[in-house]
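>>> Provided below are the primary sequence and the corresponding predicted coordinates.
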Amino acid sequence: MAFEQCNHIGCNHDYMLSRSSGAQGALGFGRRDFLKSSLAAGVAGMASVGTTSVLGGCANAVRAAGPADTLVVNGRIATMNRREPFVSSLAIKGDSIVATGAAGELDHLRGPSTLVIDAGGRTVVPGLNDAHTHFIRGGLTYSMEVRWDGLVSLADGLRMMREQARRTPAPHWVQVIGGWTWAQFAEKRFPTLDEINAATGDTPAMVMHLYDRAWINRAGLRVLGWDKSTKDPFGGTIERDASGNPTGLLVANVGLVALVVTWLKIPRLPPEDQTLSTRHFMREHNRLGITSVVDAGGGGQNYPENYASIAELAAQKQLSLRIGYTLFAQAGGKELENYQAWSKLVKIGQGDDYFRMIGAGEYIVWAAGDVTNFAKDPAPIPPVMESQLTAVAKYVAGLRWPFRMHASYDYTAQRILGVLEQVNREVPLAGLRWGLDHCETIQPKTLERVAALGGSINIQNRMSADGEAFLAKYGAQVSADAPPVARIREMGIPMAAGTDANRANTYNPWVGVHWLVTGRTFGGAKLQGDHNLLDRTEALRLYTASGAWISGEESRKGTLEAGKLADLVFLSADYFNVPVDSIRDLESVLTMVGGKVVYGAGPYDKLAPPAPPMRQDWLPIKAYGGYQRRAGLTPASAIAANPASGSHAHPLIIGDSGSWSLDCPCGAF
């Protein structure tokens, strides 16, 4: 499709001549180009909402044959295009936007078969792009997990576990696996083993808090066969009572291995149900306005076998989410062999706009990883890291594969950069989109080294969930620059944002946007310094246009302008004007991917396809859904305000520490 150059005397549009480009070209876009595209357009952002622009009514358009398939009208459409920040209508043909403009400017594209969708004055934004998540892995088990993401009451969480225990058939477990923290609860504490045992009874259960600790109930201990003779798993400590028997608390000491290895012993659903689970997880992402993700792989997520489910959905054209995936080294000490084998199976850029291989990471060498548990001291990086990373980085860079590396701490980044600076002398990294992810404690001199090598930074709102632990460990001064958002921006280093879901954090990107704007944790503690806070436009940009840059697809998505993919979201409230804490509660009422409505609610529900089927009625998502503000649970405060709605006897529980009453959700305990 050729682009049409507007000839209005006041127009300065400078469109590309072609929508498509090879994978190498798309992924070779460097820091200088990032700055040019981000800054040069900023001088021309002259448009107003819902009125003719001061450019004299010049619409942003591409040459399209015939009328549009879809017109979106009467919207407050935030394009994220600095030349034209807001429009009120846009036209779609096929999977792409063909024009944007003010009210009435696109009427000539309306035909007898054109679908006209009235946005009703709602705020419309580009589809969100989570630039660092673990969607593929998380999708396989999403439907069988009780998600505490967003829950405001521990009492409600225990109620969910109690209800789920009654419906869960053997040999399955009640599972609460990450995405929550104690600070989000009104009770401001963790659950106790007594409470978990009372809620779940004879049904095995595991509750995991981030990558910090896990509670396993008595039934689960029996299934695992843990007793006083059981040795501590690598990287973890089993808490024991006075007799040496496991209590059920497993604490991670080094990394996440002990927790993950234990969790992997829990029975899984059959493959067909894992595929359905992934479809439900996609729909949940669409509900939150997410249309693209960068999947960072994970331990135990081997290629190609552990990608079979998502690849099948891609082949059947059943994806409602665009997935760019990186390949995560699986075997510590044998990472080079991993990439040598994978390079024979898949090429960089292989796939399509829905499912594409975009590089290596977030671990390309296990020895270079650092601990994600902010409450613990970082583990030392072994001396063998340098030689291993040198071999792998040379090989991957020689393939011209972009790569990303996990680096929570500055000392990790320094060690990594020492290797990459040497590699760059033999295999130039110029034009290769490589970068560091997380970077909570990265320092100015280290950022200068990143910039000198043409690297990028991908930040996540892990401080939302684990900020209280970080503050207790490192203090307020360090926390105020964790990560140093302002300095990264000042230096012009490309930066995007993601969630790191769905164990280390919730998958809800609006919680991440809220953190970028406020610097506050789930529990309300303000850690980030004011100098690092972003305005709402720039925070949203990190989850849209910048995410597209990370995957090398900024010419295809990330903004709402002519020639880009029609990935957009009608929001439930006005993002730019709602009270700041309400940002966390935003969701979609209509999500479109490639010009197709994939999710709709309220007045738009009939435009969307129905939810995927569910073969097993006991699965938690049938009762609770996902992010828990929509779980359908009556909050404890509401029941307490109307005792008649929850009148019942409070059972006496005989616990490990004596007799006590269950912390009932009615609040009267």
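Yep, it's here. Numbers count the residues shown, from 1 in each chain.
>>> now do the closest residue to Y211 other than its chain neighbours, the pLDDT please.
Counting by Cβ to Cβ, 6 or more residues apart in numbering, L256 is the residue found nearest to Y211 once chain neighbours are left out, at 4.1 Å. For glycine as for every other residue, the C-beta is placed from the backbone atoms N, C-alpha and C. You'll see L256 listed with a pLDDT of 82.
>>> now L256: phi and psi?
phi -120, psi 0 (degrees, to the nearest 10).
>>> now swap in H514 and tell me
For H514, the backbone dihedrals are phi -60, psi -40 (criterion: degrees, to the nearest 10).
>>> what's the distance between it and P579?
11 Å (Cβ to Cβ, to the nearest Å).
>>> who has more neighbours, the two?
The neighbour count for H514 versus P579, taken as other Cβ atoms under 10 Å, is higher for H514 (23 against 8).
>>> now the host helix or strand of T237: buried residues?
Assigned by DSSP states H and E, T237 belongs to strand 236-240. Using 16 or more other Cβ atoms under 10 Å as the test for burial, strand 236-240 gives G236, I238.
>>> the helix or strand that comes right after it - contacts with which helices or strands?
The element immediately downstream of strand 236-240 (helix or strand, assigned by DSSP H and E) is strand 246-252. Where contact means 3 or more Cβ pairs under 8 Å, 6 or more residues apart in numbering; DSSP states H and E, strand 246-252 is packed against helix 193-200, strand 213-216, helix 218-224, strand 236-240, helix 257-263.
>>> ok, the spatially most central residue of the chain to L560 distance?
Nearest to the mean C-alpha position of the chain, by Cα atoms, centre = their mean, lies T499 at 3.7 Å. From T499 across to L560, the span is 22 Å (Cβ to Cβ).
>>> same question, S277
Using Cβ to Cβ, we find S277 at a distance of 31 Å from L560.
>>> what about those two, which has more around it?
L560 (29 against 25).
>>> what sits closest to the more buried one if chain neighbours are left out?
Nearest residue to L560, sequence neighbours excluded (Cβ to Cβ, 6+ apart): T79, at 4.3 Å.
>>> my read: the one you found touches S89, true?
No - in this structure, T79 is not within contact of S89 by Cβ atoms under 8 Å, at 11.4 Å.
>>> what touches both of those two?
T100 (Cβ atoms under 8 Å, 6 or more residues apart in numbering).
>>> coming back round to it: what's the distance between the residue nearest to Y211 and M161?
For L256, the distance to M161 - Cβ to Cβ - is 23 Å.
>>> who has more neighbours, these two?
Per other Cβ under 10 Å, whichever of L256 and M161 has more neighbours is M161, with 26 against 23.
>>> any buried residues in the helix or strand harbouring the more buried one, and which?
Using DSSP H and E, M161 sits within helix 154-167. Within helix 154-167, the residues that count as buried by 16+ other Cβ under 10 Å are L154, A155, D156, G157, L158, R159, M160, M161, R162, E163, Q164, A165.
>>> next one: stretch 96-114
Result for stretch 96-114 [16+ other Cβ under 10 Å]: buried residues S96, I97, V98, A99, T100, G101, A102, E105, L106, L109, T114.
>>> could you do stretch 576-591 as well?
Neighbour-count burial for stretch 576-591 [16+ other Cβ under 10 Å]: F576, V578, I583, R584, D585, L586, E587, S588, V589, L590, T591.
>>> distance to N424, pLDDT and secondary structure for the residues you listed - can I get that in CSV?
Formatted as CSV, the buried residues of stretch 576-591 follow (distance: Cβ to Cβ, whole Å; pLDDT from 0 to 100; DSSP: H, G, I helix; E, B strand; the rest coil):
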residue, distance to N424, pLDDT, secondary structure
F576, 42, 98, coil
V578, 46, 97, coil
I583, 40, 97, helix
R584, 41, 95, helix
D585, 45, 95, helix
L586, 42, 97, coil
E587, 44, 97, coil
S588, 42, 98, strand
V589, 48, 98, strand
L590, 46, 98, strand
T591, 41, 98, strand
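>>> what is the most widely separated pair among the residues you listed?
Using Cβ to Cβ, the pair of those lying farthest apart is R584 and L590, separated by 20.1 Å.
>>> now do the end-to-end distance for stretch 565-577.
Separation of the first and last residues of stretch 565-577 by Cα to Cα, to the nearest Å is 27 Å.
>>> list the buried ones in it?
Applying 16+ other Cβ under 10 Å to stretch 565-577 flags L565, A566, D567, L568, V569, F570, L571, S572, A573, Y575, F576 as buried.
>>> one more: stretch 310-329?
Neighbour counts over stretch 310-329 (16+ other Cβ under 10 Å) mark 310, 313-314, 319-329 as buried.
>>> hmm, back to that, strand partners of the strand holding T237, parallel vs antiparallel please.
Strand pairing for strand 236-240, determined by DSSP bridges: strand 246-252 (antiparallel).
>>> count of neighbours near D530?
Quick note: D530 (other Cβ under 10 Å) scores 9 neighbours.
>>> against L471, how distant is it?
For D530 relative to L471 (Cβ to Cβ), the value is 16 Å.
>>> and what of E448?
Counting by Cβ to Cβ, the gap from E448 to L471 is 27 Å.
>>> which one of the two is surrounded by more residues?
L471 (19 against 14).
>>> which residues does the residue lying closest to K622 once chain neighbours are set aside contact?
Excluding the flanking residues, the one nearest K622 by Cβ to Cβ, 6+ apart is M614, at 5.7 Å. By Cβ under 8 Å, 6+ apart, the contact list for M614 reads S143, L276, H280, I621, K622.
>>> what helix or strand does the fourth one sit in?
Spelled out, that is I621. Here I621 is assigned to helix 620-624, by DSSP H and E.
>>> how far does that helix sit from its chain's centre?
In terms of Cα atoms, centre = their mean, to the nearest Å, the centre of helix 620-624 is found 21 Å from the chain centre.
>>> again, but for stretch 574-594
16 Å.
>>> tell me how far the ends of it are from each other?
End-to-end distance (Cα to Cα), stretch 574-594: 23 Å.
>>> just to revisit the earlier point, so the residue nearest to the centre of the chain touches M463, yeah?
No - assessed by Cβ under 8 Å, T499 is found out of contact with M463, at 12.0 Å.
>>> show me where the stretch 501-650 of the chain has its helices.
Taking DSSP state H, counting those that start in this stretch, the helices of the stretch 501-650 of the chain run over residues 509-518, 536-542, 545-550, 620-624, 636-641.
>>> just the ones you listed: most buried one?
Comparing the helices of the stretch 501-650 of the chain by mean neighbour count (mean count of other Cβ atoms under 10 Å), helix 545-550 comes out on top with a mean of 26.
>>> ok, residues contacting that helix?
29, 34, 80, 126, 128-131, 292, 294, 433, 435, 456, 458, 494-498, 554, 556-559.
>>> switch to 7 Å and redo it
34, 80, 129-131, 292, 294, 458, 494-496, 554, 557-559 (Cβ atoms under 7 Å, 6 or more residues apart in numbering).
>>> narrow those to those that are buried.
Applying 16+ other Cβ under 10 Å to those flags 34, 80, 129-131, 292, 294, 458, 494-496, 554, 557-559 as buried.
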